[in-house]
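Novice: Fold the following, please.
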Amino acid sequence: MATADSFMVALPDVAFEMAFGTEWFIRRGHAAADPPATDLFAALEPRPDPAAGS
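Specialist: This next block holds a predicted model:
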């Protein structure tokens, strides 16, 4: 976790993007040649909200 005085926080946006880029995920059971997923949780089915009652 980056703290408020971390060098990562002080980097200009362009430098941060070049250094850390974008995270990509390959979903289990999918081929590496499939387009990479940008949202790790997008393929998950939503769970019912227990607070909402039945």
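
Novice: Roughly how far does residue 38 sit from residue 17?
Specialist: Using C-beta to C-beta, to the nearest Å, we find residue 38 at a distance of 14 Å from residue 17. Every residue, glycine included, has its C-beta placed from N, CA and C.

Novice: Can you show me the helices along the protein?
Specialist: 7-10, 13-20 (DSSP state H).

Novice: Any chance of a markdown table for those helices, columns mean pLDDT and distance to residue 30?
Specialist: Output for the helices of the chain, formatted as a markdown table (pLDDT from 0 to 100; distance: least, C-beta to C-beta, whole Å):
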| stretch | mean pLDDT | distance to residue 30 |
| --- | --- | --- |
| helix 7-10 | 82 | 31 |
| helix 13-20 | 86 | 24 |
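
Novice: The ones you listed into JSON lines, with extra columns for mean neighbour count?
Specialist: Below are those laid out as JSON lines (neighbours: other C-beta atoms under 10 Å):
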{"stretch": "helix 7-10", "mean neighbour count": "10"}
{"stretch": "helix 13-20", "mean neighbour count": "10"}
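
Novice: Columns distance to residue 31 on top of these, output as CSV?
Specialist: Converted to CSV, these look like this (distance: least, C-beta to C-beta, whole Å):
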stretch, distance to residue 31
helix 7-10, 33
helix 13-20, 26
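
Novice: shouldn't residue 16 be in contact with residue 10?
Specialist: No - the criterion here is C-beta atoms under 8 Å, and residue 16 misses it with residue 10 at 9.4 Å.
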